[in-house]
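*Asks:* predicted model and sequence below, questions to follow.
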Amino acid sequence: MKNGQRYEPLTVPRRVILGPGPSSANPRVLRAMSLPIIGYLDPAFFEILDEMTGMLGELFRTEQRAFAVAGSGSAGMEAGLVSLAQPGDTVIICSYGYFCERQILMAERLDLNVVALRTEWGKSMDPAVLAEALKEHPETQLVVGIHAETSAGTIHPIAEFARLAHEAGALFMTDVVTSLAGCELEFDAWDLDYAYSGSQKCLAAPPGISPVALSERGLDYIRGRQKLSSSWYLDLSLIADYWGTGHKPHHTAPVSMVYGLREAVAMALNEGLAQRWKRHEANAAALRAGLDALNLEMPVSESDRLDQLTIVRLPVGVDDAKLRTQLLNEYSIEIGRGLGKFAGEVIRIGLMGESCVPANVFALLNALEKTLPEQGFEVGRGAAVAAASAQLARNPSPLYSA
Ligand SMILES: Cc1ncc(COP(=O)(O)O)c(C=O)c1O
């Protein structure tokens with residue numbers, strides 16, 4: 001303590017979080033995280049892991065391995081790249097956004113032979129591009145493609161990517177950080193080998209743990225590889241062994257994060273996945289109706305766009321930072337900035353998990369209606385909220401009561 005100064009308990013502002021993640025966490029999740037710590041090798045903790053294995057399997061729709069990597073979504077990403085390919089192996093990475101580029105940076109650090117398949121941001125990638133690349137690179141060990149690209153607001157045909165990868169004898173790894181619990185995802189039916197997610201988006205838990213699913217084919221590859229993965233911590237087979245029936249010790253599991261994830265998954269399953277997807281679809285449709293009424297442009301086409309994350313082009317004369325700061329300071333609403341190629345050009349509005357409710361749609365539209373004219377972009381007063389309300393009357397959001 002310097003100069004007798006006392007540190008008071010931490011306080012943080014209350015926010016309506018409508019950015020690309022994290023989203024808000026439900027109090028039930030936060031309460032679970034304050035339960036007493038027990039040991040990561042305590043039989044009572046193993047019971048929690050065993051129950052969660054089944055719950056995560058339900059969430060990913062898999063009968064194969066489902067567990068969680070300690071660390072945010074990027075840890076799940078790195079665990080896949082370091083485990084499913086070896087230095088020098090050819091890895092095709094489909095790239096249509098900022099997080100795909102992150103995968104490329106990681107894979108290059110791991111000395112993988114990266115083939116970057118770059119296609120236009122804001123559009124779903126045509127699988128024919130991948131088919132062509134696989135013909136050129138028959139030696140490919142792993143294909144990587146993101147399901148929901150949060151930087152570009154796009155959804156991609158990963159079932160088709162997986163089919164092409166397998167036809168060519170490669171494994172297929174995907175990123176479901178923004179899609180898990182927010183839209184349809186079928187790990188087994190789509191024959192995926194590895195999918196990683198994050199706790200902080202449509203699952204509505206705090207950031208810091210990465211739920212994943214791994215195929216038996218992927219696990220067999222890791223167990224049989226000639227050279228062990230260069231990361232001990234992120235070796236997916238070791239983490240699977242800790243979560244598996246033998247509970248072989250690995251690192252100390254983040255006990256409170258596991259409690260939080262357990263509770264968040266329980267809430268998602270209680271709500272029902274189809275109902276949760278519908279909630280994301282209905283609220284996004286209401287948001288888009290309101291944004292349309294404000295004459296704001298949403299550059300991603302209907303077939304390619306996400307419900308969880310809407311990209312809006314900034315009107316000429318409207319400053320990105322000024323708009324976001326004003327929303328934060330005057331309305332306590334957080335929205336996201338554009339990343340990478342889209343920096344300064346778009347804003348990103350997330351409606352994920354706990355944050356995905358009509359009240360938040362109305363709050364944001366009302367705030368935009370007030371703030372945009374102050375930057376010279378005139379809007380019709382009351383039109384946005386009325387349009388969102390009419391859209392919800394036509395296509396109601398299921399009540400969120402998990
Ligand atoms: C699609 C996607 N992948 C990966 C990540 C990285 O996840 P994290 O920030 O949890 O490490 C994000 C984060 O926003 C994301 O949206």
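*Replies:* On my side now, so go ahead.
*Asks:* can you get me a residue count around residue 60?
*Replies:* Counted by other C-beta atoms under 10 Å, the residues lying close to residue 60 total 25. The way it works is simple: take the backbone N, C-alpha and C, and place the C-beta from them, glycine included.
*Asks:* residue 225 now?
*Replies:* With other C-beta under 10 Å as criterion, residue 225 counts 15.
*Asks:* ok, the closest residue to the ligand within the chain - contacts?
*Replies:* Evaluated by C-beta to the nearest ligand atom, the chain has residue 73 as its residue closest to the ligand, separated by 2.7 Å. Contacts for residue 73 (C-beta atoms under 8 Å, 6 or more residues apart in numbering) come out as 175, 177, 196-198, 200, 210.
*Asks:* among these, which two are most distant?
*Replies:* 175 and 200 (14.1 Å; C-beta to C-beta).
*Asks:* neighbour count: the two, which is higher?
*Replies:* Using other C-beta under 10 Å as the criterion, residue 175 and residue 200 rank with residue 175 on top: 31 against 25.
*Asks:* give me the pLDDT value at residue 138.
*Replies:* The model reports residue 138 with a pLDDT of 98.
*Asks:* what's the answer for residue 402, then?
*Replies:* For residue 402, the pLDDT comes out at 68.
*Asks:* how about residue 2?
*Replies:* pLDDT for residue 2: 77.
*Asks:* before we move on, what about residue 230?
*Replies:* 96.
*Asks:* okay, now the closest residue in space to residue 88 that isn't next to it in sequence: neighbour count?
*Replies:* Spatial nearest neighbour of residue 88, chain neighbours left out: residue 113 (6.0 Å); criterion: C-beta to C-beta, 6 or more residues apart in numbering. Using other C-beta under 10 Å, residue 113 has 17 other residues around it.
*Asks:* please tell me I have it right and residue 113 contacts residue 93.
*Replies:* No: the pair residue 113 / residue 93 is not scored as a contact, 10.9 Å apart, by C-beta atoms under 8 Å.
*Asks:* returning to that earlier point: quick check: the residue of the chain closest to the ligand vs residue 214, distance?
*Replies:* 16 Å (C-beta to C-beta, to the nearest Å).
*Asks:* and if you look at residue 204?
*Replies:* 24 Å.
*Asks:* with residue 135 instead?
*Replies:* In terms of C-beta to C-beta, residue 135 sits 28 Å off from residue 214.
*Asks:* phi first, then psi, for the residue nearest to residue 88.
*Replies:* Phi and psi for residue 113, reported as degrees, to the nearest 10, are phi -90, psi 90.
*Asks:* for residue 133, same thing?
*Replies:* Dihedral angles for residue 133 - degrees, to the nearest 10 - are phi -70, psi -40.
*Asks:* I'd like the distance between residue 94 and residue 215.
*Replies:* 19 Å.
*Asks:* quick one, which of these two is more surrounded?
*Replies:* When residue 94 and residue 215 are compared for neighbours, residue 94 comes out ahead with 26 against 22, by other C-beta under 10 Å.
*Asks:* and the helix or strand hosting that one, what other elements does it pack with?
*Replies:* Using DSSP states H and E, residue 94 falls within strand 90-95. Applying 3 or more C-beta pairs under 8 Å, 6 or more residues apart in numbering; DSSP states H and E, we find strand 90-95 packed against helix 98-109, strand 113-118, helix 127-136, strand 142-146.
*Asks:* which residues are contacting that strand?
*Replies:* Residues contacting strand 90-95 (C-beta under 8 Å, 6+ apart): 81, 85, 100-101, 103-104, 107, 112-119, 125, 129-130, 133-134, 137, 139-146, 156, 161, 170.
*Asks:* please compute how far the strand or helix carrying residue 387 lies from its chain's middle.
*Replies:* Here residue 387 sits within helix 383-394, counting by DSSP H and E. Put simply, helix 383-394 sits 28 Å off its chain's centre (C-alpha atoms, centre = their mean, to the nearest Å).
*Asks:* only the buried residues of it, if you could.
*Replies:* For helix 383-394, the neighbour count (16 or more other C-beta atoms under 10 Å) marks 383-385, 387-389, 391-392 as buried.
*Asks:* how about stretch 5-16?
*Replies:* Neighbour-count burial for stretch 5-16 [16+ other C-beta under 10 Å]: residue 16.
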